[in-house]
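Novice: using only what follows, build the 3D model:
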Amino acid sequence: MRRPSLRLPAWAAGVFAAALLARLGFLLAVDQPLLYTHPYNYFTNGLAIAQHAHPWDYVLRHEDWRMQYGDWTVAPLYYLFAAASFALLGPHLFPVQLLQCLLGGLTAVGVAALGREVAGRHGTWAGFVYAFYWPAIESCTQTLTENLHTPLLTLGVALLARSASRGRLPALVMGGLLIGLSALARSVSSAFLGLAFLWRWRTKGLRAALMLAASGAVMILPWTARNVFFVGDLVPIESFAYENLWFANALVSREKFVRQEQAVYSQPTPAARRAAAAHFAWRGIRRDPAGFVQKVRTNFWHFLRPEGLHGLLALERSQEAWRTSAALFLDDGIFLLMLPLLGAALFAGTPSPARSLLLLWLGYYLFFVIVVFHVEVRYRSAFVPFALALATGGSAALARRERTAALGAFVGLVLAANAARPYVAPALRAVRAASALGPAHAAITRGDLAAAEQALAAAAERDPRSSRPWLALGRQLWAAGRLRETAIAYDRAAFLATPANWTARLALPRLLAETGRAREAAEALAVADALSWDNDPWLALEVAWRELPPPRTDRVMLGDGDYGAVRGFYHPRGGNPRLLRHRLEWNRYDRAGEEAQPPGKHRWTRARAWLRLLPTQTARAYDVTLVMGSPFPSTLPLPVVRVSVDGSEAARFTLGRELLPYTVRATPRPGEPIEVRLDSPTWCRIGEPADQGVRVDRMSVAPAR
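Specialist: Just a heads-up that it's a prediction; the model follows:
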């Protein structure tokens with residue numbers, strides 16, 4: 001009897017390698033930290049489990065490690081996944097990210113396997129397309145449940161499809177186990193087991209269906225038993241679904257919703273809170289059916305929204321041009337082009353158990369996120385893998401020139417066109433404004449500000465709600481040394497900017513200070529610091545580094561108007577009472593940390609950080625002095641930091657708890673800025689940003705003696 005080969009098929013190896021390399025390339029090249037606050041819920045609570053004196057007892061008998069919004073429990077598996085990584089591989093973010101890259105590669109293999117079940121060997125292309133799907137690549141660097149739920153679900157469904165086509169009992173059992181396990185990552189998968197049971201019963205009989213249901217239940221029921229017997233709460237997986245149901249369907253004004261919140265959170269038990277939330281949800285639907293229909297319509301088009309176009313034209317998001325291009329081509333391009341092929345697959349295609357299983361999941365999932373709950377664009381993580389696999393069947397049907405396939409493709413094309421339609425007019429306005437602004441550069445070069453203002457007026461008239469023309473002119477004015485006019489342009493850009501466009505607000509503190517408007521500069525700096533805290537400090541510094549030239553100064557004070565002078569750092573801390581509230585909200589586990597910080601404004605580095613300035617004095621060489629250390633809350637008493645200047649060989653310094661000056665020599669070219677790079681070991685502590693390095697208070701330069 002021939003033994004089954006354990007060697008990975010060539011198609012699977014190719015898909016896995018492509019997906020893994022794409023994710024590792026992004027992880028290593030971009031090196032972005034956890035962005036915004038949502039991933040920190042999972043990171044911090046996973047770290048709390050790993051560092052608990054009795055982690056098993058903590059997980060079994062307590063709920064605070066998986067709470068959101070104070071009163072709702074969340075599916076547990078991702079917290080446990082993060083905790084296991086921290087316990088086994090160390091309390092650092094990189095091992096988690098690396099594991100998620102590997103899981104992303106396996107997801108692409110699962111997509112390819114599903115595509116092959118639907119469309120034969122040509123279905124492998126679904127896996128290759130998913131390998132370069134931009135949201136899936138970006139997601140691997142963040143601690144989000146999608147990174148665990150999507151691989152488990154995709155591989156589970158792929159195994160079920162394989163078991164149906166080949167009659168493999170182990171694949172059936174393993175598929176049920178993985179889908180059940182995925183429900184512990186995001187509970188939306190749980191009810192799908194019932195539909196999968198019916199699907200299997202119809203295709204292969206009751207015995208196989210019962211085995212599928214039992215294998216899924218084996219993963220979920222132990223957790224349900226834990227909830228009942230150790231916590232005393234009869235809930236299968238989580239209670240957060242009730243909050244989502246209520247939030248999506250209350251359909252009342254903000255004032256009434258606040259009163260509902262008071263009623264829900266005043267309930268004495270979790271079961272009573274769930275009942276109150278469900279009551280308000282059903283009452284909202286019953287009292288306002290038209291509002292419910294409008295919610296469903298809004299959710300539908302939000303789900304189809306092209307995020308690259310939305311970020312570029314509606315939000316005018318402050319981000320790198322390459323990132324915008326990636327979103328346009330590898331997110332919008334893939335998603336919108338997939339819709340006609342998916343439409344062809346829905347209207348035609350060869351009937352098969354795999355096809356019916358994919359249709360079942362897509363219908364089930366869309367019903368829940370669009371009709372029952374609400375939509376966030378990241379929820380497409382559990383839609384795109386299966387839609388891509390099914391779309392390969394649509395492409396095969398189109399290749400066979402089936403009439404119904406052409407009709408389905410037309411329907412999908414109409415949906416894609418309607419999703420993109422809101423961005424046609426903004427795109428035309430942006431192009432017309434850019435063409436009108438063209439003469440401004442030549443006018444500024446020859447010193448004709450009147451002609452430049454005339455070109456700007458024409459551009460602003462063509463795109464009156466956009467900050468782009470003002471920013472474009474402001475950059476040209478800044479390069480020409482016209483600071484007063486630059487400040488006026490950026491001030492107008494800040495007025496027009498959307499909340500996602502931070503460029504002008506981060507540039508104004510320096511511009512206003514350099515034009516002698518000290519009071520306004522201080523106010524603008526408070527706005528910029530609050531923006532950094534409320535959104536993300538790493539992103540804010542990246543925007544400022546791209547937008548602003550190196551400051552002409554002999555000293556940079558970290559956390560004090562240092563935008564454009566530093567990158568690779570975390571929040572501005574110390575000395576600003578406006579930010580104390582933000583600090584206390586961030587560090588809910590160790591509020592004593594704020595008082596324990598030595599006084600003075602400062603920032604903490606990441607593993608890599610940069611500082612730059614343009615000295616005010618001309619010299620052949622400079623002494624560059626950094627005041628830095630590793631005080632509390634750092635867990636590293638004696639970190640070794642490498643300091644290199646303008647790409648030169650790095651000097652090594654062993655820092656201590658005390659903040660001390662460390663000096664290196666710089667020999668920049670005449671008129672060129674001095675750029676310093678710091679490489680330091682990192683540490684993690686509950687309640688602090690992930691993977692911080694060392695504290696830096698200031699950098700100063702002086703002509704070398």
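Novice: nearest residue to residue 201 other than its sequence neighbours?
Specialist: In space, and not counting its chain neighbours, residue 201 is closest to residue 209: 3.7 Å by Cβ to Cβ, 6 or more residues apart in numbering. Every residue, glycine included, has its C-beta placed from N, CA and C.
Novice: from what I can see, that neighbour looks like it's in a helix, true?
Specialist: Yes. Residue 209 forms part of a helix when assessed by DSSP: H, G, I helix; E, B strand; the rest coil.
Novice: what's the pLDDT at it?
Specialist: Looking at residue 209, its pLDDT stands at 92.
Novice: how about it, what does it touch?
Specialist: Applying Cβ atoms under 8 Å, 6 or more residues apart in numbering to residue 209 gives the contacts 197, 198, 200, 201.
Novice: among the residues you listed, which two are most distant?
Specialist: 198 and 200 (7.5 Å; Cβ to Cβ).
Novice: more neighbours, these two?
Specialist: Neighbour totals were compared for residue 198 and residue 200, and residue 200 leads with 26 against 12 (other Cβ atoms under 10 Å).
Novice: ok, the more buried one touching residue 212?
Specialist: Yes. With contact defined as Cβ atoms under 8 Å, residue 200 and residue 212 form a contacting pair (4.9 Å).
Novice: what do these two both touch?
Specialist: Common neighbours of residue 200 and residue 212 (Cβ under 8 Å, 6+ apart) are 160, 172.
Novice: biggest strand in the protein, by residue count?
Specialist: The longest strand of the chain (DSSP state E) is strand 603-613.
Novice: avg pLDDT for that strand?
Specialist: On average, strand 603-613 scores 97.
Novice: again, but for stretch 647-664
Specialist: Averaging pLDDT along stretch 647-664 gives 94.
Novice: quick one: terminal-to-terminal distance for that stretch?
Specialist: End-to-end distance of stretch 647-664 (Cα to Cα, to the nearest Å): 13 Å.
Novice: one more: stretch 139-148?
Specialist: 11 Å.
Novice: now it: how far from the chain's centre is it?
Specialist: With Cα atoms, centre = their mean, to the nearest Å as the basis, stretch 139-148 stands 8 Å off its chain's centre.
Novice: contacts for it, please.
Specialist: Contacts for stretch 139-148 (Cβ under 8 Å, 6+ apart): 23, 26-27, 30, 32, 34-35, 38-40, 42-43, 46, 75, 77-78, 81-82, 93, 96-97, 100-101, 103-104, 182, 185-186, 378, 381-382.
Novice: surely residue 212 touches residue 169?
Specialist: No. Look at residue 212 against residue 169 with Cβ under 8 Å: they stay out of range, at 10.3 Å.
Novice: who has more neighbours, those two?
Specialist: The residue with more neighbours, out of residue 212 and residue 169 and counting by other Cβ under 10 Å, is residue 212; that gives 26 against 10.
Novice: list the contacts for the more buried one?
Specialist: So residue 212 contacts 160, 172, 173, 175, 176, 193, 196, 197, 200 (Cβ under 8 Å, 6+ apart).
Novice: just give the nearest non-adjacent residue to the second one, would you?
Specialist: In space, not counting the residues next to it along the chain, residue 172 is nearest to residue 163; the distance is 3.9 Å by Cβ to Cβ, 6+ apart.
Novice: show me where the stretch 351-500 of the chain has helices.
Specialist: 353-366, 384-399, 403-420, 424-445, 449-462, 468-479, 483-496 (DSSP state H, counting those that start in this stretch).
Novice: show me the one of the ones you listed that comes nearest residue 320.
Specialist: helix 468-479 (14.8 Å).
Novice: buried residues in that closest one, which are they?
Specialist: Going by neighbour count (16 or more other Cβ atoms under 10 Å), the buried part of helix 468-479 is 468, 469, 470, 471, 472, 473, 474, 475, 476, 477, 478.
Novice: count the neighbours of the nearest residue to the second one once chain neighbours are set aside for me.
Specialist: Here the nearest residue to residue 469 in space, its sequence neighbours aside, is residue 459; by Cβ to Cβ, 6+ apart that works out to 4.0 Å. For residue 459, the count of nearby residues is 26 (other Cβ under 10 Å).
Novice: so where do the strands sit in the stretch 101-250 of the chain?
Specialist: Applying DSSP state E, counting those that start in this stretch to the stretch 101-250 of the chain gives no strands.
Novice: where do the helices sit along it?
Specialist: 124-131, 134-139, 146-166, 169-183, 192-204, 206-226, 240-249.
Novice: can you put those in TSV and add distance to residue 515?
Specialist: Below are those laid out as TSV (distance: least, Cβ to Cβ, whole Å):
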stretch	distance to residue 515
helix 124-131	50
helix 134-139	38
helix 146-166	46
helix 169-183	57
helix 192-204	61
helix 206-226	61
helix 240-249	46
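Novice: returning to that earlier point: of the contacts of stretch 139-148, grab the buried ones for ChimeraX.
Specialist: Remark: buried members of the contacts of stretch 139-148, expressed as a ChimeraX selection using 16+ other Cβ under 10 Å:
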select :23,26,27,32,34,39,40,42,43,46,75,77,78,81,82,93,96,97,100,101,103,104,182,185,186,378,381,382
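Novice: looking at the contacts of stretch 139-148, which are in helices?
Specialist: 23, 26-27, 30, 38-40, 42-43, 46, 77-78, 81-82, 93, 96-97, 100-101, 103-104, 182 (DSSP state H).
Novice: next, the contact list for the residue nearest to residue 420 when sequence neighbours are not counted, please.
Specialist: Excluding the flanking residues, the one nearest residue 420 by Cβ to Cβ, 6+ apart is residue 306, at 5.7 Å. Applying Cβ under 8 Å, 6+ apart, we find residue 306 in contact with 331, 332, 335, 336, 419, 420, 423.
Novice: in the helix or strand hosting residue 340, what's buried?
Specialist: With elements taken from DSSP states H and E, the one containing residue 340 is helix 333-347. By 16+ other Cβ under 10 Å, the buried positions in helix 333-347 come out as 333-336, 338-347.
Novice: could you export those residues as CSV, including pLDDT and distance to residue 697?
Specialist: As requested, the buried residues of helix 333-347 are exported to CSV (pLDDT from 0 to 100; distance: Cβ to Cβ, whole Å):
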residue, pLDDT, distance to residue 697
333, 97, 46
334, 97, 46
335, 97, 46
336, 97, 49
338, 97, 51
339, 97, 53
340, 97, 57
341, 97, 57
342, 96, 55
343, 96, 59
344, 95, 62
345, 95, 60
346, 94, 61
347, 93, 65
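Novice: which of the residues you listed sit farthest apart?
Specialist: Counting by Cβ to Cβ, the most remote pair of those is 333 and 347, 22.9 Å apart.
Novice: any idea of the pLDDT on the nearest residue to residue 673 once chain neighbours are set aside?
Specialist: Spatial nearest neighbour of residue 673, chain neighbours left out: residue 550 (3.8 Å); criterion: Cβ to Cβ, 6+ apart. pLDDT for residue 550: 95.
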